[in-house]
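**Student:** Provide a 3D model corresponding to the input given below.
(2 chains)
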Amino acid sequence: MKSIGLALALLASAILIACGPPPPPFNATEVSNLAYGKGLGIPDTDGKIRRIDDFKGKVTLVFFGFTRCPDICPTTLMRLRQVRNAVGEDADKVQVLLVSVDPERDTADRLGAYVKSFDDSFIGLRPEPAQLEKVVKAFHAIAVKVPTSGDDYTIDHSATIYVYDRKNQLRLIAQPTLEINLFAADLKRLTQEG
Amino acid sequence: MKTPLALLLLLASISQVIAADPITIERPFARASAPGQMVGGGFMTIVHQGGAEDRLVSATTPIAREVQIHSMNMDGGVMRMRQVEGGLAIPAGGRVALQPGGLHLMFVDLNAPLVAGASFPVTLRFAKAGEIKVEFSVEARPTK
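**Tutor:** Sure thing, here's the model as predicted:
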């Protein structure tokens, strides 16, 4: 009996050595095999059509927002700049894309100036108004117009950040409140993958 | 002679208490606006030392077309913003904080960009306390 136990223990340790310990979990939520946003082409603020697959070799962050959003959108943009900077020397491998949920009011000029004021590397995407619903659905996200006063409206929208790896696979879904250092650590790991 | 003086002092102090504003505003501020940004958020803490509930009913400012009172919350990863219906309740003896990530004033259609270091007046209208004028200072967006 003792020798069987020993053999089992040896076998177990052999398996452990062969496979190595599992990698530590990411701080954001890990996802796999989700084709969110795949194949979708959205005009940037210069009118050029952009696809997730155009950013091969980069870790690409996508999130929804609009310029008439007084709080969470500018806060998220500020934080993403800080996160990107905290990635350090690989920061230029991190690309941030803001998709407007308010293309009717976010003109290309306005959206472009807005996004670039947070970080010159950030890119604003402005779906055609008729395309917006399809874009939002492609990310399984939400964007709903809510009237405020008069003709004015605001937009309830998903505030999560979709993170694609360097092979353009959706890997992480992050909440905008994720701590900057933890978020940066996740991105650094992804930039170091092949 | 002693008594009337004491009485006078007492009366004076009582009238001072009555005359003092039951509502005071702590640290009113807004964030510098980004280019292209036509709205701005306003933040402050409303301190109410009076004995009866009051309401912040509306606000105006010369720097924007309109001021709205909004609540904001995150609900299952979705940002939801709502105009506060019927004004914002200020409980007696309470403090209501308007702060980033929650309740805020929204300055709609800014007449000019909000520049860090500048300040602008806002008139707050309360149901009971009436008009209170405050000066909002514009703070730089945190960058670190």
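
**Student:** all strands for chain B, in order.
**Tutor:** B:23-31, B:39-48, B:54-60, B:64-75, B:78-83, B:88-90, B:95-98, B:104-110, B:119-126, B:130-139 (DSSP state E).

**Student:** can you count the residues close to the residue lying closest to A:Lys145 once chain neighbours are set aside?
**Tutor:** Distance criterion C-beta to C-beta, 6 or more residues apart in numbering or on different chains; nearest residue to A:Lys145, sequence neighbours excluded, is A:Tyr153 at 4.9 Å. C-betas here are computed from N, CA, C, even on glycine. Per other C-beta atoms under 10 Å in any protein chain shown, the neighbour tally for A:Tyr153 reads 15.

**Student:** Now do the same contact list for A:Tyr153.
**Tutor:** A:Lys145, A:Val146, A:Pro147 (C-beta atoms under 8 Å, 6 or more residues apart in numbering or on different chains).

**Student:** Would you format the strands of chain B as JSON lines with distance to A:Leu125, mean neighbour count and mean pLDDT included?
**Tutor:** What follows is these, written out as JSON lines (distance: least, C-beta to C-beta, whole Å; neighbours: other C-beta atoms under 10 Å in any protein chain shown; pLDDT from 0 to 100):
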{"stretch": "strand B:23-31", "distance to A:Leu125": "24", "mean neighbour count": "18", "mean pLDDT": "96"}
{"stretch": "strand B:39-48", "distance to A:Leu125": "20", "mean neighbour count": "22", "mean pLDDT": "96"}
{"stretch": "strand B:54-60", "distance to A:Leu125": "34", "mean neighbour count": "18", "mean pLDDT": "97"}
{"stretch": "strand B:64-75", "distance to A:Leu125": "23", "mean neighbour count": "18", "mean pLDDT": "91"}
{"stretch": "strand B:78-83", "distance to A:Leu125": "18", "mean neighbour count": "18", "mean pLDDT": "88"}
{"stretch": "strand B:88-90", "distance to A:Leu125": "36", "mean neighbour count": "19", "mean pLDDT": "96"}
{"stretch": "strand B:95-98", "distance to A:Leu125": "32", "mean neighbour count": "16", "mean pLDDT": "96"}
{"stretch": "strand B:104-110", "distance to A:Leu125": "24", "mean neighbour count": "22", "mean pLDDT": "95"}
{"stretch": "strand B:119-126", "distance to A:Leu125": "33", "mean neighbour count": "19", "mean pLDDT": "98"}
{"stretch": "strand B:130-139", "distance to A:Leu125": "29", "mean neighbour count": "15", "mean pLDDT": "97"}
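
**Student:** In TSV: these, plus distance to chain A.
**Tutor:** Compiled in TSV, these are given as follows (distance: least, C-beta to the nearest C-beta, whole Å):
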stretch	distance to chain A
strand B:23-31	7
strand B:39-48	4
strand B:54-60	11
strand B:64-75	6
strand B:78-83	4
strand B:88-90	15
strand B:95-98	11
strand B:104-110	5
strand B:119-126	14
strand B:130-139	12
